[in-house]
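Peer 1: My questions are about this predicted structure, shown below with the sequence.
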Amino acid sequence: MLEKLAAIVGAQHVLTGSDVARYGHDFTQTYQWTPLAVCRPANTGEVAALVRLANETKTPVVPVSGNTGLAGGARAEGAIMISLERMNAIREIRPNAHVAIVEAGVVLSTLREAATEHELIFPLTFGAQGSAMIGGNLATNAGGSNVLRYGNTRDLVLGIEAVLPTGEVMDIMSELHKDNSGYNLKHLLIGAEGTLGIITAAVLKLVPKPRAYATAMVAVPALDQALTLLNRLQEATGGGVEAFEYMPRSYIEQHMKTITGAREPFDAPHEVNILVEVGATAPRDATLGPDGVAPITEYFETILGELFEEGALLDAVVAQNEAQRREMWERREAAAEVTLSRQPIQNNDIAVPLDKVAVFLERADTMLEQVDAGSTAMVVSHLGDGNVHYAVWPQSQDPERMDAIMEAIEEIALDLGGSFSAEHGIGTSKLPSMTRRKNKVALGAMRAIKAALDPNDIMNPGKVLPADG
C-alpha cells in the first residue's frame with residue numbers, strides 16, 4: 001500500500017512513523033491516533049487517485065487541513081490521512097466580481113490578507129485563522145465572530161470542487177449567485193466533515209473591506225439587556241454590527257491568569273462584558289475628520305452615551321487606535337487557550353435563540369451545581385448569533401458524570417429551541433448527542449445519503465453519523 005501511495009504523490013510526500021506525530025492528535029489533545037500514513041497530494045488529480053486506491057482496497061481515508069478542530073473530526077487510527085496543505089494556491093481574485101478562487105489548503109489568514117490588497121475581505125474570522133485552512137472551514141461549516149453580519153461559511157461559498165468516495169471529481173465551481181439547476185450538492189458537502197467527499201477547491205464570496213471600525217468593550221447591567229444595545233446599534237448603523245461577543249467576569253479573570261500581559265477591560269470589574277464592533281464601508285462614515293476621528297466612531301460613542309444615560313450601559317471603553325482594537329480582539333480570540341488551560345474539560349458548543357441565551361446560562365449553571373457540585377463553567381458566547389461555548393472543568397473525572405453533564409446541557413438547549421452543535425461540528429465527540437437528540441427520520445436520510453455516495457464507508461468513517469440502531 002505504501003508503495004502504491006508513493007507512486008501517486010511521491011515517496012517524500014508519504015509520511016509514516018515519527019513524521020506523522022503532528023497529524024496524530026487534535027487541537028485539544030483529547031484524541032490521539034496513529035494513521036497508516038499521511039499523504040500530501042499536490043493537486044486534485046492526485047487526491048482522486050489516492051481516493052480511488054482507498055476505495056478499491058476498502059481502506060479508510062481521513063482528510064485533514066489545519067487540524068484545528070475541537071470535536072475529534074480528524075481522528076484517523078489506521079487510516080490514510082490526506083493532507084491538503086500543499087494545495088495552497090489562491091488561483092484568482094476577481095475584484096469586480098467580488099470572488100476568490102482558491103485551493104483547499106489555503107490558510108484562512110493568507111486569504112484574508114490577499115483580499116485586503118484589493119480593498120476586499122473574506123469575512124470569516126476566528127482565533128485559529130492563522131493555521132486553519134479553507135478546506136477544513138468548508139468541511140465543518142465554520143462560524144466565528146462575524147456570523148452576525150456575514151453568515152456561516154456556507155453563506156460565503158458560490159461553488160466547490162470535490163473528490164467523491166469513488167475517486168470521481170465533482171466540478172461545481174460555479175461563480176453564480178443564482179443557479180436553480182437541481183439539488184444543491186455544494187451545501188450537501190459543506191458541513192459534512194469529509195464524510196461524503198474531499199473538498200479540493202472553492203469559489204468564495206468577498207465583500208468590501210470596511211474603511212473604518214468602531215470597536216468597544218461595553219458592560220451592561222444584565223445579560224438579558226444586551227439585546228437592547230445590539231438592536232439599537234443595528235438600527236442606527238443599518239446592520240453594520242460585525243461582532244457582539246460576550247465574556248463573563250469568570251472568563252476575564254481566567255484570561256488574566258492564563259495570558260501574559262493581559263489586562264482588565266475596564267477600571268472597575270463588571271459581570272457582563274461585551275466586545276462590540278461596527279464596520280463602515282461608506283466614505284461618509286469612514287473619512288477621518290480634522291480631529292482624526294471617523295464619523296462612525298463619533299456616532300458610535302453618541303449611541304453608547306445615550307444608552308449610558310438611560311441606564312442600559314454601565315461602562316464603555318472605545319478603541320482609539322488599531323493597537324487598542326487589537327488588544328480587545330486578542331482578549332476574545334484567546335478563548336481556546338483560556339478554556340484549555342485546565343484539564344480535564346467537557347466542551348459544549350450550543351446555539352439557542354438570541355433572547356434565550358441568558359435563560360440557558362441560568363439554567364445550565366443551576367444544573368451544573370446539581371449534577372457535579374464544585375465544577376466550574378468557562379463561558380464565552382457569540383452573543384449576536386446565539387452561539388454559546390459552555391465548557392466545564394468537572395469536579396469529577398468520571399466519564400459517566402461528564403456524559404451526564406453533556407446530556408443535561410443538551411436537554412436545556414433543545415428545550416429552548418436550540419441545537420447541541422453550533423459551529424464545531426459533530427466529529428467523534430458529539431456522536432452520543434446525535435444518537436440521543438437528532439431526529440430519527442433525519443438520521444435515516446443522512447445514512448441513506450452516506451450509503452449512496454460511499455457504499456464502502458471509506459470516507460472519514462465513524463464521524464458525524466452514529467452507528468445504526
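Peer 2: Arrived safely, thanks for sending. Residues are numbered from 1 along each chain as shown.
Peer 1: Where in this protein is the helix or strand with the lowest mean pLDDT?
Peer 2: Scoring the helices and strands of the chain by mean pLDDT, DSSP states H and E places helix 283-286 at the bottom, with a mean of 90.
Peer 1: quick check, residue 70 in a strand?
Peer 2: No: Residue 70: not assigned to a strand; according to DSSP: H, G, I helix; E, B strand; the rest coil it is coil.
Peer 1: Can you name the next helix or strand after the helix or strand hosting residue 231?
Peer 2: Using DSSP states H and E, residue 231 falls within helix 226-237. Going down the chain from helix 226-237, the next helix or strand is strand 241-248, by DSSP H and E.
Peer 1: for that following strand, packing partners?
Peer 2: With contacts taken as 3 or more C-beta pairs under 8 Å, 6 or more residues apart in numbering; DSSP states H and E, strand 241-248 sits against helix 147-150, helix 226-237, strand 272-280, helix 322-333, strand 376-382. For glycine as for every other residue, the C-beta is placed from the backbone atoms N, C-alpha and C.
Peer 1: now the angle between helix 226-237 and it, please.
Peer 2: Orientation of strand 241-248 against helix 226-237 (axes from the mean of the first three to the mean of the last three C-alpha atoms, to 10 degrees) gives an angle of 160 degrees.
Peer 1: Please name every helix or strand in contact with the next helix or strand after strand 241-248.
Peer 2: For strand 241-248, the following helix or strand on the C-terminal side (DSSP H and E) is helix 249-258. Counting contacts by 3+ C-beta pairs under 8 Å, 6+ apart, helix 249-258 is packed against strand 272-280, helix 335-339, strand 376-382.
Peer 1: Include mean pLDDT and distance to residue 124 when you put the ones you listed into a markdown table, please.
Peer 2: Listed next are the helices and strands packed on helix 249-258 as a markdown table, based on pLDDT from 0 to 100; distance: least, C-beta to C-beta, whole Å:
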| stretch | mean pLDDT | distance to residue 124 |
| --- | --- | --- |
| strand 272-280 | 97 | 14 |
| helix 335-339 | 94 | 16 |
| strand 376-382 | 96 | 13 |
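Peer 1: if you compare these, which one is most tucked away?
Peer 2: strand 272-280 (a mean of 25; mean count of other C-beta atoms under 10 Å).
Peer 1: right, and residue 391 touches residue 348 too?
Peer 2: Yes: with contacts counted by C-beta atoms under 8 Å, residue 391 reaches residue 348, the gap being 6.6 Å.
Peer 1: of those two, who's got more company?
Peer 2: Neighbour totals were compared for residue 391 and residue 348, and residue 348 leads with 25 against 21 (other C-beta atoms under 10 Å).
Peer 1: for the nearest residue to that one once chain neighbours are set aside, phi and psi?
Peer 2: The shortest distance from residue 348 to any non-neighbouring residue, by C-beta to C-beta, 6 or more residues apart in numbering, is to residue 390 (4.5 Å). Backbone torsions of residue 390, given as degrees, to the nearest 10, read phi -110, psi 80.
Peer 1: what does the one 3 residues further on give?
Peer 2: Main-chain torsions, residue 393, degrees, to the nearest 10: phi -100, psi 100.
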